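# I'd like to go over a predicted model; first the sequence, then the structure.
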Amino acid sequence: MTADPLLDAVEKLINAHGVQAVGMDRVRAASGLSLKRIYGLYPNKQRLVAATLARRDERWREELAGAVDDAPDKVEALFGWLGAWFAEPDFRGCLWVNVHGELGGDHPEVLAQVRAHKVAFRDQVLGWFADAGPEIAEEIWLLAEGAIVTAGITGDVGAASRAGRAARRLLGGEAAPRRPRSP
């Protein structure tokens, strides 16, 4: 994937500040491109945000696949990668969830990118855990999604390791913690 200073700038800005708080003058200043050039590439902000999400999706899933595809322990690879992402200083949660939360369904091109990302991530996880069966694979995806949202909202980096332990239990690789009996 080639570097794109405009989409890089937009991604950083909307990750840090949200879509609506970022005006096109701010995009111009951060990207170094003129407004004429920006609007020549993307006729409106919705298309610019949708293109940014599509590009981030491709990069995000490629990086994740690089960590998980050939890993012998897919649970460790998936949830370890998520935990490392959560610990990054610029982690603000899932950009797609954040953008959807901010814009809702009022911007069809953006909504299509949000949904496409979630479907693609789900398909990735289902592929990695296909041997466990579709129900368990989907439950592992839901654990990953839950960890992402939890870490984004609460700042709890440990959500990834706890979700990973739950995934192991689903796969039968770890016993559930024992609860003390009440007197």
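Yep, it's here.

# rest of the way, CA atoms for contacts and neighbours
Fine.

# For the spatially most central residue of the chain, grab phi and psi.
Central residue of the chain (CA atoms, centre = their mean): C94, 4.4 Å from the mean position. Dihedral pair for C94: phi -80, psi 120, per degrees, to the nearest 10.

# how much space between it and I153?
10 Å (CA to CA, to the nearest Å).

# Ok, F129 next?
27 Å.

# picking that back up, spit out the contact partners of the residue nearest to the centre of the chain.
I148, V149, G152 (CA atoms under 8 Å, 6 or more residues apart in numbering).

# Tell me which residues of the helix or strand where the first one lies come out buried.
Using DSSP states H and E, I148 sits within helix 134-154. Neighbour-count burial for helix 134-154, with 16 or more other CA atoms under 10 Å as criterion, is recorded at 136-145, 147-152.

# and what of stretch 116-131?
Neighbour counts using 16+ other CA under 10 Å place A116, H117, F121, R122, D123, Q124, V125, L126, W128, F129 of stretch 116-131 among the buried residues.

# excluding its backbone neighbours, what's nearest the last one?
Once flanking residues are discounted, F129 sits nearest to A137: 5.1 Å by CA to CA, 6 or more residues apart in numbering.

# just the fourth one next, same as before
With sequence-adjacent residues excluded and distances taken as CA to CA, 6+ apart, R122 is closest to W141, at 6.0 Å.
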